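J.: Next input, structure requested:
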Amino acid sequence: MFDEAVAVTAFRAGAAAPSAGPCAAAPNWPPRPGVDHAGRAAAAEHVHVERRSHPSGEFEILLGAQVDLFATGPVPSAEPLFDRLLAALDEEPLSRAVHALRFFTAHQGGRMLTNEVFRDGEPWAAGMRVTAAAEPPLPTGPVGMRVFAFLAPVEETESDTTPSSR
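T.: Prediction:
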């Protein structure tokens, strides 16, 4: 799910997809209220997309690259931690709106210094319990990890073009 390469892309609400450059060649996904403002065509180059079932319905996860900070060597993938966060999210009802999920953790010598998990821009206590219980990504030295994701509802009328991997 996570790319080994780190790509950091900023999106601005209301930004149009570029008309030239590598992002212009991205597939033109069907319009979906609440997601298109992020520039779905531009996002295709920088975001992993997968379908996921939730008790509140199907969602498409638009997952940004893992951003590793402070470490002087390779940092393991945050995918297992992200999977545990998604499992915790299954325990909570979700509206059929687009939802944002972000986490940032920082450790020094295996000790957690920063634990931030936000759901829809607000601190998410259940998510912070998940990240607090996780093993540090590295046993020594400084390391930080940041991951952003959007969960976009999949409407029943949409074609099933994104494979479900969970």
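
J.: hey, let's count contacts and neighbours off CA atoms from now on
T.: Fine.

J.: tell me which residues in the lengthiest helix in the chain are buried?
T.: In the chain, taking DSSP state H as the definition, the longest helix is helix 79-89. Residues of helix 79-89 classed as buried: 81-82, 85, 89 (neighbour count, 16 or more other C-alpha atoms under 10 Å).

J.: same deal with stretch 46-54?
T.: 46-52, 54.

J.: now swap in stretch 63-78 and tell me
T.: In stretch 63-78, counting by 16+ other C-alpha under 10 Å, buried: 63-68, 71, 75, 77-78.

J.: can I get those residues in a markdown table with secondary structure and distance to residue 140?
T.: Below are the buried residues of stretch 63-78 laid out as a markdown table (DSSP: H, G, I helix; E, B strand; the rest coil; distance: C-alpha to C-alpha, whole Å):
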| residue | secondary structure | distance to residue 140 |
| --- | --- | --- |
| 63 | strand | 28 |
| 64 | coil | 26 |
| 65 | coil | 23 |
| 66 | coil | 20 |
| 67 | strand | 18 |
| 68 | strand | 15 |
| 71 | coil | 10 |
| 75 | coil | 11 |
| 77 | coil | 16 |
| 78 | coil | 17 |
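
J.: Which two of those have the greatest separation?
T.: 63 and 71 (22.0 Å; C-alpha to C-alpha).
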